[in-house]
Structures are given as C-alpha cells and as structure tokens.
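**Q** What would the 3D arrangement of this be:
(2 chains)
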Protein chains: 2
Amino acid sequence: MTLPMEVPVPGLPARVRIHEVGARDGLQNEKAVVPVEVKAEFVGRLAGAGLSTIEATSFVHPKWVPQLADAEELYPRVAALPVALPVLVPNERGLDRALALGARRVAVFASATESFARANLNRTVDESLAMFAPVVARAKAAGVHVRGYLSMCFGDPWEGAVPVARVVRVCRALKELGCDEISLGDTIGVATPGHVTALLDALTAGGVPVDTLAVHFHDTYGQALANTLAALQRGVSTVDASAGGLGGCPYAKSATGNLATEDLVWMLRGLGIDTGVDLDRLVATSVWMAAHLGRPSPSRTVRALSHDDSPQEQ
Amino acid sequence: MTLPMEVPVPGLPARVRIHEVGARDGLQNEKAVVPVEVKAEFVGRLAGAGLSTIEATSFVHPKWVPQLADAEELYPRVAALPVALPVLVPNERGLDRALALGARRVAVFASATESFARANLNRTVDESLAMFAPVVARAKAAGVHVRGYLSMCFGDPWEGAVPVARVVRVCRALKELGCDEISLGDTIGVATPGHVTALLDALTAGGVPVDTLAVHFHDTYGQALANTLAALQRGVSTVDASAGGLGGCPYAKSATGNLATEDLVWMLRGLGIDTGVDLDRLVATSVWMAAHLGRPSPSRTVRALSHDDSPQEQ
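**A** The predicted structure is shown next:
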C-alpha cells in the first residue's frame, strides 16, 4: 500500500530542492549541548536519507550560540559527504573560519525589520548590510555560493505585520551585494498564503527572480505547509525545512519549530514532485534524534509513520 | 499589534462556513466519558466564540459510541442556542430520536470504500446507501437539512489510495438520495493538495455543485491546512474543523485529530475571509477543554496563543 497517491498539479515545479536546516536552525536553541559525534551522525544520516543540501553549522561567536561552538570540530567530520554543506557566517571573522575549513557555501543573515536587526545583530538594517558587504564580496571572489537569510519577512514580535515593500528593499540590497540565493524567513510563523503570494509577486515585480528565492517557514500557527504550497504555486523551488520539525525562535517563547521536512516530503510526494528523499530513512533519523533530545518530534508525519499504523478492528 | 496581516487572494470564497465537529467527531473516541454538563458548556462556549454550525452529538446506538450515549440528555441543553446544531443519525431509529428532540439538521455517514463500509457499518457500500435512503427521504419530508459524510475519500487503511471515480460514484448516489450537502472525508489524513484538486474537479465534472460540498481533513500527516487551501482555491466554502484539533480515527492507532479550528481561523483571517469567529474566545475554549481532558491541544495556534508570546530579549 503506497500512500499518498501521486496526483501532480500542472504549473508546480517538477523538482524541489529541500534545504535541510535541522542540524543548524533545528539545534541552535537546544539548551543541552549535543555532542559533536551526535551532530556528525545526524548530518550523515540526513545525507543517507537523500537530502542534498544540509546546513551543517554556524560560525558565529560561541558566546551567542553555545550549541554550535563546535563548528571547527564538526565541519571536518562531515565535509567528505557527497552533499552541499552550507554554513552560517555572521561576519568576516566567521567567513575566515569557514573558508579555512574549505566551506563552499556560506550564508549571511539579515533582518527585514529594524527591531530584529537591533536584537539579533545590534545594528540597524543598513549597518548590517554594510557589515555583510565584504563578507559576500570575499566569498564570491573565492568562488563560494552565498545565501542570504532574511528574517521577519512577514511579521515581527515588536513591530507586527511587516510591509511587503520593506522586504523587497532589503531583498534587493542583498541581491546587489551579490547573494546567489535569498531565503525568505517567517521567523515567528505568522504568514498566511495570501501574504506569501503578495510578497513573491512584489519581489518578482521588483526584479528579484523567483528561481533565486527560497522560503523558510516556521509552524508556530500551523501555517507552514499551506504557505509552502502558495510559494510552490508562484514557482519557488527551494524550500527550507528541518528534520522532525526541530527548532524554534528564541525571541518568542511559544514558537514551535521549522516546517518539518517529513511533512513537506509527504506533500511533495503526493504532488508528484521529486525530492530524492527516502521518507522512511528520514523518519528513522528524526526518531533517533528525538530520542537523543528526550522529547517526541513535533512532526505529524514522523509521529504517524513511527507508530504501528496497521488497520485496527474495533 | 494585529496578526496575521490580512492579504486577500482573488478568487477565494468571500466567506467560509466552519462546520465545527469538536463536540462530536472530536470527543467520540475519548475513552473517559465526558460529563454531559461539560459537553453542554463546550457547545455553548463554541457558540459564544462565534461558530455558527456546531455538530452536537450522534444518535448512534450507545453500544458503538459510548461517549455519545447521552445524546438525549445533551441535545435539549443546547437546543436553544442561536446556531445550527446538526446531529449524526446512522439509521431510521437514530432519525426518530433526533426528530423527537426537534433536530433541524441531521447527517448520515457513508463510506467510499467497501472495506470501511464493512468495518464501520457491517454492510457493502450499496447496502449502506439503501439503508440511508429512507432516512434521507423522511428527513427531507420533515424539512430537515441532510448532510452526507463520505469517509475514506482519499485513502483507506486496508485498500490504499482510493480512485477518484469511486468517490464520485458514491457522492452522486448520496446527492440522488437527497443529501443537501456532502462532506468529503480524509479519514486517515493521507490526502495531498493535488489529490484534493483532482477530486473536486472530478466531482464538478460529474455534476456535483461545489457549493454543496464540504471538506473534512484529518491532520495525521500535517496536510490538513494545505489541503484546505487547495479546496478553497476550487471554490469550496464549507470546511469541517475541530476546536483544538480534538479527535482521531479509531481504525488507525496513530491518527491524530481533525484540522484544528484555530489553525483554520488563523489562515482564513490572513486571507481576509470572514468566519465570524472570535479567535481568542475559541482558544480559551480549547484550553479549557484540554484541561478537562488532561492533555494539551495539538493545535499549533492554541499552543502559541495560550502562552506568553511577548518578545524575549536574549
């Protein structure tokens, strides 16, 4: 019995690249430090499940993200995997560390709102862009792929709804710096599908090609997969997700995790969209990681597929 | 700060009627019997939160659904509420009981698959339709609105994927019996948006008007809201949901609940679609019910809105 039934929808992308963020975004707010051996096995298992882009770690200062202070130890352990392994770099110092280890993909992280730029980077939006300029320029000069994360693209816990025009402005600035790809983050999970469509339309009209965009939804209000569907319908073909739905936002206590990779793969499989992911192996990986973290995965698909799901007679 | 931001999408329904099933579908598989006073207060609170159609109970034989054995006690306690109060009736005996209490809306429940018809009704699909024929005819003669539930419209735990043509056949048969509305059930939660679109297109092509259809999604694999979006895009404007995401399917141990009403209301609010629901009062109702049942609501929106969600400085 193979489910879901495959029913392709004309006009959606034929293939979606999943940008797996479980090992970085998923773990970065875990209080108990996960041993580097476990992280390396996690990344290895994700690769074994067919994920082709796995964000491995972050070269931020250990003071800010203690969980990822082992980046120098972790990266060499996973570098030989036959997958893309982007890493976060906040500044030139982080870029130096990443380049020294041979990283071929880096990501900077900007904010669409002044409040979050101040909270996360202690800078204005423009000051943070100025900080990224040499990072992006040097990475590009080294032939390294650069992703720009843009946080708070829909709502902000301090400012409320974020005007689409402001997101377009920062997005264009990141493109002008040289970012190859921009990931539109719904950091607090408040987006709904019409908002997603409106932002993508505005970005396209503003000269940002949709094939350089990714979407990054959090499932705080249960909207992540519906928002993803809206993005696919506008031609987005790179989707960020976190194995097992790991992750959260430290600025909003109740924030649940990222879109769960398994729930995304289930939908894409039903839509006949190729991802290359072996769902059973991915679920097994999330179950293994959940056991390590000591709490069940919030992913519905992980919960359903990791139980005995045979028919029960009453 | 009002979130989500309202961004209407052209072509979607201007108004959606939520058919609230928490008091019936949501509770029917609870092992510990919920006191009738609590059920009555639940229905009253749901009405107070602005839900206009609240499925109250079921007039099945108490042997099959012990939780709802108090239907005769419950219905009179809520009958004066200024809302529609449909009730399930499995057969003529159930209809007699409902009519005796003054019910103005009833629902029969059919299956799209032979396996589930056998398991749930101990009949073939055609035998069950024959059983419903006099129920629907007598209800219509009494001026009572009749909903037909159609289970297993997408997948079946015994048979796997369910062919669209079979669903169309049973749906047409229910219409021919006189059902005013048909609720398409994804009883085990395996549907994906393309499958939803394909079924709705086939039903429309088969002469079943979309304004007589409702959708009833379970969130077993996290797909319920994305599937709802696909249904809205095809013009469906009646959506079944369960306050707090209560409910499950007794035939699949891991099945999680129905689509949570709160997650649906969040999306519809963002889409600028009127529902008449006061989200804060609804969340408070689900928190109250969860306390009674002794476990947290699976609704992401309930969890987010029932916590302190003010910004947290690091």
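
**Q** From here on, just use CA atoms for contacts and neighbour counts.
**A** Noted.

**Q** hey, where'd the strands end up in the stretch 51-200 of chain A?
**A** In the stretch 51-200 of chain A, the strands defined using DSSP state E, counting those that start in this stretch lie at A:53-54, A:57-58, A:87-88, A:105-111, A:145-151, A:155-156, A:160-161, A:181-186.

**Q** Arrange those strands in JSON lines, one row each, with mean neighbour count, mean pLDDT and distance to residue B:171 as further columns.
**A** As requested, the strands of the stretch 51-200 of chain A are exported to JSON lines (neighbours: other CA atoms under 10 Å in any protein chain shown; pLDDT from 0 to 100; distance: least, CA to CA, whole Å):
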{"stretch": "strand A:53-54", "mean neighbour count": "22", "mean pLDDT": "98", "distance to residue B:171": "44"}
{"stretch": "strand A:57-58", "mean neighbour count": "28", "mean pLDDT": "97", "distance to residue B:171": "52"}
{"stretch": "strand A:87-88", "mean neighbour count": "26", "mean pLDDT": "98", "distance to residue B:171": "52"}
{"stretch": "strand A:105-111", "mean neighbour count": "25", "mean pLDDT": "97", "distance to residue B:171": "50"}
{"stretch": "strand A:145-151", "mean neighbour count": "24", "mean pLDDT": "98", "distance to residue B:171": "46"}
{"stretch": "strand A:155-156", "mean neighbour count": "26", "mean pLDDT": "95", "distance to residue B:171": "42"}
{"stretch": "strand A:160-161", "mean neighbour count": "18", "mean pLDDT": "96", "distance to residue B:171": "42"}
{"stretch": "strand A:181-186", "mean neighbour count": "25", "mean pLDDT": "98", "distance to residue B:171": "39"}
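
**Q** so which of the ones you listed comes closest to residue B:260?
**A** Of all the strands of the stretch 51-200 of chain A, it is strand A:181-186 that lies closest to residue B:260, at 20.9 Å by CA to CA.

**Q** Any chance of the strands of the stretch 51-200 of chain A in CSV with distance to residue B:198 as columns?
**A** Formatted as CSV, the entries for the strands of the stretch 51-200 of chain A read as follows, by distance: least, CA to CA, whole Å:
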stretch, distance to residue B:198
strand A:53-54, 32
strand A:57-58, 41
strand A:87-88, 41
strand A:105-111, 39
strand A:145-151, 35
strand A:155-156, 34
strand A:160-161, 35
strand A:181-186, 30
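
**Q** Out of these, which gets nearest to chain B?
**A** strand A:160-161 (5.1 Å; CA to the nearest CA).

**Q** Now do the closest one: which elements does it pack against?
**A** If you count contacts as 3 or more CA pairs under 8 Å, 6 or more residues apart in numbering or on different chains; DSSP states H and E, strand A:160-161 packs onto no helix or strand.

**Q** tell me what the longest helix along chain A is packed against?
**A** Looking across chain A with DSSP state H, the single longest helix is helix A:125-141. The helices and strands touching helix A:125-141, judged by 3+ CA pairs under 8 Å, 6+ apart, are helix A:92-100, strand A:105-111, helix A:114-121, strand A:145-151, helix A:164-177.

**Q** so can I have TSV of the ones you listed showing distance to residue A:247?
**A** Conversion of those to TSV gives the following (distance: least, CA to CA, whole Å):
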stretch	distance to residue A:247
helix A:92-100	22
strand A:105-111	17
helix A:114-121	17
strand A:145-151	15
helix A:164-177	23
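
**Q** Of these, give the one that comes closest to residue B:143.
**A** Proximity of the helices and strands packed on helix A:125-141 to residue B:143 was assessed by CA to CA; the nearest stretch is helix A:164-177, lying at 50.3 Å.

**Q** packing partners for the closest one?
**A** By contact count (3+ CA pairs under 8 Å, 6+ apart), the secondary structure elements abutting helix A:164-177 are helix A:125-141, strand A:181-186, helix A:193-205.

**Q** quick one: buried residues of it?
**A** A:164, A:167-168, A:170-172, A:174-175, A:177 (16 or more other CA atoms under 10 Å in any protein chain shown).

**Q** Quick one, grab the pLDDT at residue A:143.
**A** On pLDDT, residue A:143 comes in at 98.

**Q** if I pick it, what's in contact with it?
**A** residue A:104 (CA atoms under 8 Å, 6 or more residues apart in numbering or on different chains).

**Q** ok, it to residue B:258 distance?
**A** 49 Å (CA to CA, to the nearest Å).

**Q** With residue A:229 instead?
**A** Between residue A:229 and residue B:258 the distance is 20 Å, computed by CA to CA.

**Q** Figure out the helix or strand that the spatially most central residue of chain A lives in.
**A** Averaging the C-alpha coordinates of chain A gives a centre point, and the residue nearest to it by CA atoms, centre = their mean is residue A:240 (3.7 Å). Applying DSSP states H and E as the criterion places residue A:240 in strand A:238-241.

**Q** low-confidence ranges in chain A?
**A** Scanning chain A for pLDDT under 70 picks out the ranges A:1-2, A:248-256, A:308-314.

**Q** sorry, back to before: now do the strand holding residue A:240: which elements does it pack against?
**A** Packed on strand A:238-241, when contacts are counted by 3+ CA pairs under 8 Å, 6+ apart, are strand A:17-20, strand A:213-217.

**Q** at 10 Å what do you get?
**A** strand A:17-20, strand A:53-54, strand A:181-186, strand A:213-217, helix A:224-233, helix A:261-270 (3 or more CA pairs under 10 Å, 6 or more residues apart in numbering or on different chains; DSSP states H and E).
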